[in-house]
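Student: This is the structure alone, sequence omitted:
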């Protein structure tokens, strides 16, 4: 476990925060850190800006993220990592499809290789990073397309060499099952699961024997074809299966 | 080169097994270990009821291994059976079970037997959960009673995984003599401290130390118990290479288990160690694995 001092702490949207701090190793697009808040918990968090001081972007929704949201410049932040595999660097015409906080793990790629950014939110007031978004959807129609971001992506009907997807698993499952696969070159998904160890040994985040923390978090479309638990079975903290359909 | 090994009458293609507690909560991961070359794979320990385990941090990485306190997270026997009963690799899957007394162990063992598993490993050694694991495994009378119950009332092969956190491991091994094989050792009870947070490294404070740092402790346990009891032994503790595995085998282990090594070398560890053992036996002029089991103790 390492620690760093927070260089800056910002609120950038409704319940949405950024913390920046310098770390001593290189982070690649798609990788994550395990962030420990002593006395609370340790959680995985994707890195939204890879250059020191690096940035983590998160919504204050649980005990740990709420505590993180109260942290200020100069305070210590504990971390280990980076862990996980990486997104390949896009080469052609790229699309980025994000749901909610999923935008955080796509930001480094968007900065390196701009493309069309599709962003799905629940409601207008959830918007962050609006300046880089090309197409927005909201569940309640208060901003942009009314409906989900996958339907928006399909409606726009553009062709891409590479598509990068990150969001809640039901959204990614819907994307995976709904799109016309032939219209796109490579499609990459960054998955998110309950994670405990972050290094591939506790099996908490595994989907059909693929560990999201170690074999992922980035998987190709065709790998997801082989995972019948993707979007259908999640795991409780005990490892008990919870069937989603 | 024949590196098969026979434990309590059951033949395994190779002597490199997956240890309990490492990437073995889900059936597909257990099967992945076997498909990656594990001679057998032991599941995460299963109890009667669902347990969420401890909140993270559940592991702390060290230069010489790691400390963990997962807290016996498991879905409970009902859900476990639902998931694992469909496996076609049951012959190679050993189910680790834990309970607070012989009644619980027996109940779990019967459920496991019902769906076609042949071997159970008794967790008598988890160092970080009150009322279970090593708290049971430190009591020789209780250990003996549990094993006698299981041997009398089931047809399962019983492996007993013992704790090193006792004054005389040989005494516990003798109490466990009724078991078909002994698995030595579980993690070493340990603590990690973070001086910059002035907190324990793990949420639970107390954890179990595994990895290269505990190998000499495990070797000593295997040697003492093999010499004193002659029991069939499966060695575990800090094995990350074929050389490590052979050290255990020379001191009497008929097979080894690897766990923390997955963290260093991932699933390829199984084939790497098996191939290393084959090369060693050829180079050193042995005919098969059997020739070197306990060679230094005879």
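Tutor: Arrived safely, thanks for sending. Note that this is a predicted model, so its numbers are computed, not measured.
Student: Quick one: end-to-end length of stretch A:77-96, please.
Tutor: Counting by CA to CA, to the nearest Å, you get 30 Å between the two ends of stretch A:77-96.
Student: try stretch B:231-242
Tutor: Using CA to CA, the span of stretch B:231-242 from its first residue to its last is 23 Å.
Student: The residue of chain A most remote from its centre in helix, strand or coil?
Tutor: In terms of distance from the mean C-alpha position of chain A, residue A:74 ranks first, at 26.5 Å (CA atoms, centre = their mean). When classified by DSSP: H, G, I helix; E, B strand; the rest coil, residue A:74 comes out as coil.
Student: My read is that it contacts residue A:6, right?
Tutor: Yes. If you go by CB atoms under 8 Å, residue A:74 and residue A:6 touch, sitting 6.4 Å apart. Every residue, glycine included, has its C-beta placed from N, CA and C.
Student: Need the pLDDT of residue B:284.
Tutor: pLDDT for residue B:284: 98.
Student: What of the one 4 residues further on?
Tutor: pLDDT, residue B:288: 97.
Student: and the closest residue to it other than its chain neighbours, what does it touch?
Tutor: Leaving aside its chain neighbours, residue B:288 sits nearest to residue B:2 (4.2 Å; criterion: CB to CB, 6 or more residues apart in numbering or on different chains). Contacts for residue B:2 were tallied using CB atoms under 8 Å, 6 or more residues apart in numbering or on different chains; they are B:287-290.
Student: Could you rerun that using 10 Å?
Tutor: Residues near residue B:2 by CB atoms under 10 Å, 6 or more residues apart in numbering or on different chains: B:13-14, B:278, B:281, B:287-290.
Student: Against the centre of chain B, work out the most remote residue.
Tutor: The centre of chain B is farthest from one residue, residue B:196, which by CA atoms, centre = their mean lies 34.1 Å away.
Student: residue boundaries of the helices in chain B?
Tutor: Using DSSP state H, the helices found in chain B span residues B:27-35, B:77-84, B:102-114, B:134-137, B:140-153, B:169-175, B:215-229, B:242-250, B:261-265, B:269-283.
Student: Nearest to residue B:9, out of these?
Tutor: helix B:140-153 (13.6 Å; CB to CB).
Student: which residue sits closest to residue B:205 in space, ignoring its chain neighbours?
Tutor: residue B:191 (6.5 Å).
Student: For that neighbour, report the pLDDT, please.
Tutor: Predicted confidence (pLDDT) for residue B:191: 98.
Student: what helix or strand does residue A:17 sit in?
Tutor: Following DSSP states H and E, the helix or strand that holds residue A:17 is strand A:16-21.
Student: how about residue 47, what does it touch?
Tutor: This is for chain A. Listed by CB under 10 Å, 6+ apart, the contact partners of residue A:47 are A:23, A:27-33, A:54-57, A:81-82, A:104-105, A:107-108.
Student: look at chain B instead
Tutor: Residue B:47 is in contact with A:238, B:72-77, B:80, B:97-100, B:104-105, B:108, B:123, B:129, B:132, counting by CB under 10 Å, 6+ apart.
Student: Any idea which of the helices of chain B gets closest to residue B:207?
Tutor: Nearest to residue B:207 among the helices of chain B is helix B:134-137 (12.3 Å), distances taken as CB to CB.
Student: quick one: average pLDDT of the lengthiest strand in chain A?
Tutor: When chain A is parsed with DSSP state E, its longest strand is strand A:2-13. Across strand A:2-13, pLDDT averages out at 97.
Student: ditto for stretch B:103-113
Tutor: 97.
Student: just stretch B:125-132 next, same as before
Tutor: 81.
Student: what distance separates the start and the end of that stretch?
Tutor: In stretch B:125-132, first residue to last residue: 8 Å (CA to CA).
Student: Check the offset of that stretch from the chain's centre.
Tutor: 15 Å (CA atoms, centre = their mean, to the nearest Å).
Student: Wondering if it reaches chain A at all.
Tutor: No. Stretch B:125-132 does not reach chain A (CB under 10 Å from any CB of the partner chain); its nearest approach is 13.5 Å.
Student: Relative to residue A:196, how far out is the spatially most central residue of chain A?
Tutor: Nearest residue to the geometric centre of chain A (CA atoms, centre = their mean): residue A:102, 3.4 Å. From residue A:102 across to residue A:196, the span is 21 Å (CB to CB, to the nearest Å).
Student: and what of residue A:126?
Tutor: When distance is defined by CB to CB, residue A:126 is 28 Å away from residue A:196.
Student: Which one's more surrounded, those two?
Tutor: residue A:196 (28 against 20; other CB atoms under 10 Å in any protein chain shown).
Student: who touches the more buried one in this structure?
Tutor: A:34, A:41-44, A:202-205, A:213, A:237, B:25, B:53-59, B:68, B:70, B:73.
Student: Can you say which of those residues are buried?
Tutor: With burial judged by 16 or more other CB atoms under 10 Å in any protein chain shown, the buried subset of those is A:34, A:41-44, A:202-205, A:213, A:237, B:25, B:53-59, B:68, B:70, B:73.
Student: which pair in the contacts of residue B:2 spans the largest distance?
Tutor: Within the contacts of residue B:2, two members stand farthest from each other by CB to CB: B:13 and B:287, at 17.2 Å.
Student: out of the two, which sits in the busier spot?
Tutor: For residue B:13 versus residue B:287, neighbours defined as other CB under 10 Å are more numerous around residue B:13 (16 against 10).
Student: Just the local confidence number for the more buried one, please.
Tutor: As predicted, residue B:13 sits at a pLDDT of 98.
Student: tell me which of the contacts of residue B:2 is nearest to residue A:2?
Tutor: residue B:14 (38.5 Å).
Student: residue boundaries of the helices in chain A?
Tutor: With DSSP H as the definition, chain A shows helices at residue ranges A:63-69, A:103-112, A:149-156, A:169-178, A:221-225.
Student: which of those is buried the deepest?
Tutor: Comparing those on average neighbours per residue, with mean count of other CB atoms under 10 Å in any protein chain shown, the densest one is helix A:103-112 at a mean of 23.
Student: other SSEs contacting that one?
Tutor: Under the contact definition 3 or more CB pairs under 10 Å, 6 or more residues apart in numbering or on different chains; DSSP states H and E, helix A:103-112 sits against strand A:16-21, strand A:42-49, strand A:54-59, strand A:94-99, strand A:116-121, strand A:160-166, strand A:184-190.
Student: Please dump the ones you listed into a markdown table; it should also carry mean pLDDT for every row.
Tutor: Formatted as a markdown table, those follow (pLDDT from 0 to 100):
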| stretch | mean pLDDT |
| --- | --- |
| strand A:16-21 | 98 |
| strand A:42-49 | 97 |
| strand A:54-59 | 97 |
| strand A:94-99 | 98 |
| strand A:116-121 | 98 |
| strand A:160-166 | 98 |
| strand A:184-190 | 97 |
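Student: among the ones you listed, which is nearest residue B:215?
Tutor: Closest to residue B:215 of the helices and strands packed on helix A:103-112 is strand A:42-49 (CB to CB; 27.6 Å).
Student: mind listing what the closest one pairs with, with the direction of each?
Tutor: Strand A:42-49 has the following strand partners under DSSP bridges: strand A:32-36 (antiparallel), strand A:54-59 (antiparallel).
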